[in-house]
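Undergrad: Fold the following and give me the result.
(2 chains)
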There are 2 protein chains.
Amino acid sequence: MRVLSVLLGITLAATFAHAATPQRSTDEIIKGTTAADWRRVDPKNVMLMDLPLGTVVIELAPQFAPAHVRNIETLTRDKYWDGLWIIRSHDNYVVQWGDPSEDLPGEVRKSTGSVTNKIPPEYERPLKGLKFDALKDADGWARKAGFVDGFQAASDGTSAWLTHCYGAIGVGRGNPPDSGDGSSLYVVIGQAPRNLDRNITVVGRVLKGMEYISAMPRGTGPLGFYEKPEQRTPLGPVRMASDDPSAPGYEVMRTDSKAFAEIAEGRRNRSDTWYVRPAGYTNICNISVPMRTVAK
Amino acid sequence: MRVLSVLLGITLAATFAHAATPQRSTDEIIKGTTAADWRRVDPKNVMLMDLPLGTVVIELAPQFAPAHVRNIETLTRDKYWDGLWIIRSHDNYVVQWGDPSEDLPGEVRKSTGSVTNKIPPEYERPLKGLKFDALKDADGWARKAGFVDGFQAASDGTSAWLTHCYGAIGVGRGNPPDSGDGSSLYVVIGQAPRNLDRNITVVGRVLKGMEYISAMPRGTGPLGFYEKPEQRTPLGPVRMASDDPSAPGYEVMRTDSKAFAEIAEGRRNRSDTWYVRPAGYTNICNISVPMRTVAK
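TA: Reported below is the predicted structural model:
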């Protein structure tokens, strides 16, 4: 009798909890959105990179790294990437693409054409002028973590910077802080290496197609570089979406929408039946902002 | 003149910082260790799983999940895994192996022989009885994060549990909390899904060979399951190291050693010349405890 009461009590409590905060799946939330919940991505900031398995769709972030983004767009229009490769696949860290001869003694680096090779680092920028949607959860690496235009970001109250979460794209550089020019790019494929934040210029994030790049065979050389030329994956055509008549449009969910708040809360406290103990917490790198493909 | 002074001041400060805390690389720290800095892993707890690219070395954690580890060891000795496959590769989440027919309607599940299919969940255990080396850095997901016998772990002061960091191995289960028996295992390959902590039984971690499993082509079915049988990677011989005369010995760095404290501090505050801004923080899932292979 006592056991039954306890069980009944649990059942009622659970039913009540579900009734009070019915949790929808991300797909269901997305289905319930309206046009106002989405931001149309400017195709001028979208870079499309074909790989054997599919197209990687990248949104660049000129609001954080205007000079580097300008370089990357110029390199892309100048077809700099044609004939280059994925040159590095470092397990639990990054996949990198560009010109392998840059790091090889005695080899001549491919010309970057009209692009300036010396530009100042763009590791952070003033918070002022950005709409920073802060996550309520504490972030060990920064005073605040949150979202700017769908990009995972952090702030100390004065500056803001893009964070090294899964799918973040940064600019390879050597020891001098101004030695990155955008001609060698990496994407985070493992546990977020947030210690890189504000030590290197982050220029954007992968909106779509991470699975085409994250499973590249790991390189066996130091730092995951491929040791033999035949191990490198050639880059298919790389172009800006604004230059590609066949490219669709892309939209990113607004992080100040009710729909996004519901998604974040679902990450924080999963209430579907599988979970027995909601975490009560989430982290900026555990929430990817939804995107969708739309007619142009 | 003023500019020169400022520059000089920075240079001196940097030099002083390096002199006060000269930072060694992980390789240098490891080279300077003595035998007392390492724990010999009991070969009875080491599972070796051959994949096309190499051998994955797994340390099981009976101190956290004795019943599940017992099942896994029995399944391994009974050659349960022979003829089975990697069945799932879910981008930024997990790679899973076992019997695909378990999830397919109308198919008969492979017999698990003498193994009990109903065992209680082992999501957490009392902290008492464990040597928990706490990390000083705050952890958003738990009151404390730290290490137990080289495993990444967390605690609320009363219980302790293994955390879902990169390389952690858990037991697949259905909706009932006791529906995991150890015959379907997954390993974390992306950003730590710490929301799974205490919702599923974690049984160990990959000591070596993550790169042979993390780059499995992603599955295109729901949840990253492979859609066609030919996409699955067959498991090569799976055996316990204690049953394999050719297996070497394995050692894991003790997390209460000075050497490990130096590694953790290096993750927290990188002082090599590349870094312009040390993070001043690190996270349990950003520190993997070093292992090494030794003569048996």
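Undergrad: What segments of chain A are helices?
TA: Taking DSSP state H as the criterion, chain A carries its helices at A:2-20, A:26-31, A:66-77, A:258-268.
Undergrad: Which residues does the second one contact?
TA: Helix A:26-31 has contacts (C-beta atoms under 8 Å, 6 or more residues apart in numbering or on different chains) with A:Met253, A:Ala259, A:Glu262, A:Ile263, A:Gly266, A:Pro290, A:Arg292. C-beta here means a position set from N, CA and C on the backbone, and glycine is covered the same way.
Undergrad: so where is the stretch 101-250 of chain A shaky, pLDDT-wise?
TA: By pLDDT under 70, the weakly predicted segments of the stretch 101-250 of chain A are A:103.
Undergrad: Strands along that one, start to end?
TA: A:125-126, A:133-134, A:144-148, A:151-155, A:159-162, A:168-171, A:185-188, A:202-208, A:233-234, A:238-240, A:249-253 (DSSP state E, counting those that start in this stretch).
Undergrad: Nearest approach to chain B belongs to which of those strands?
TA: Ranking these by proximity to chain B (C-beta to the nearest C-beta) places strand A:185-188 first, at 8.9 Å.
Undergrad: For chain B, tell me which of the contacts of helix A:26-31 show up nearby.
TA: Among the contacts of helix A:26-31, no residue is within reach of chain B (C-beta under 8 Å from any C-beta of the partner chain).
Undergrad: Among those, give me the pair with the biggest separation.
TA: Greatest spatial distance among the contacts of helix A:26-31 (C-beta to C-beta): A:Gly266 and A:Arg292, at 17.9 Å.
Undergrad: dump the residue contacts of A:Thr293.
TA: Taking C-beta under 8 Å, 6+ apart, we find A:Thr293 in contact with A:Lys208, A:Pro248, A:Gly249, A:Tyr250.
Undergrad: and what of A:Asp149?
TA: Residues in contact with A:Asp149 (C-beta under 8 Å, 6+ apart) are A:Arg39, A:Ala61, A:Gln63, A:Lys131, A:Val252.
Undergrad: Distance of the nearest residue to A:Ser242 once chain neighbours are set aside relative to A:Leu235?
TA: Nearest residue to A:Ser242, sequence neighbours excluded (C-beta to C-beta, 6 or more residues apart in numbering or on different chains): A:Pro43, at 4.0 Å. Separation of A:Pro43 from A:Leu235 (C-beta to C-beta, to the nearest Å) stands at 20 Å.
Undergrad: again, but for A:Asp178
TA: 25 Å.
Undergrad: ok, back up a step: can you list the contacts of A:Thr293 in TSV and add neighbour count?
TA: Compiled in TSV, those are given as follows (neighbours: other C-beta atoms under 10 Å in any protein chain shown):
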residue	neighbour count
A:Lys208	19
A:Pro248	13
A:Gly249	14
A:Tyr250	23
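Undergrad: average model confidence for stretch A:254-269?
TA: Across stretch A:254-269, pLDDT averages out at 96.
Undergrad: What are the contacting residues of it?
TA: The set of residues external to stretch A:254-269 that reach it, using C-beta under 8 Å, 6+ apart, is A:23-26, A:29-30, A:32-33, A:36-39, A:131, A:133, A:135, A:137, A:146-147, A:150, A:253, A:278-282, A:286-287, A:289-290, B:195.
Undergrad: Return the alpha-carbon coordinates of that stretch using CSV.
TA: C-alpha atoms of stretch A:254-269 as CSV (Å, rounded to 0.1, in the frame of the first residue of the first chain):
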residue,chain,number,x,y,z
ARG,A,254,17.3,34.5,-34.2
THR,A,255,18.7,33.8,-30.7
ASP,A,256,16.4,36.5,-29.2
SER,A,257,13.3,34.5,-30.4
LYS,A,258,11.0,32.5,-28.1
ALA,A,259,11.7,29.5,-30.3
PHE,A,260,15.5,29.7,-29.6
ALA,A,261,14.9,30.2,-25.8
GLU,A,262,12.9,27.0,-25.9
ILE,A,263,15.7,25.1,-27.6
ALA,A,264,18.2,26.4,-25.1
GLU,A,265,16.0,25.4,-22.2
GLY,A,266,15.6,21.9,-23.8
ARG,A,267,19.4,21.6,-23.8
ARG,A,268,19.6,22.7,-20.2
ASN,A,269,16.7,20.5,-18.9
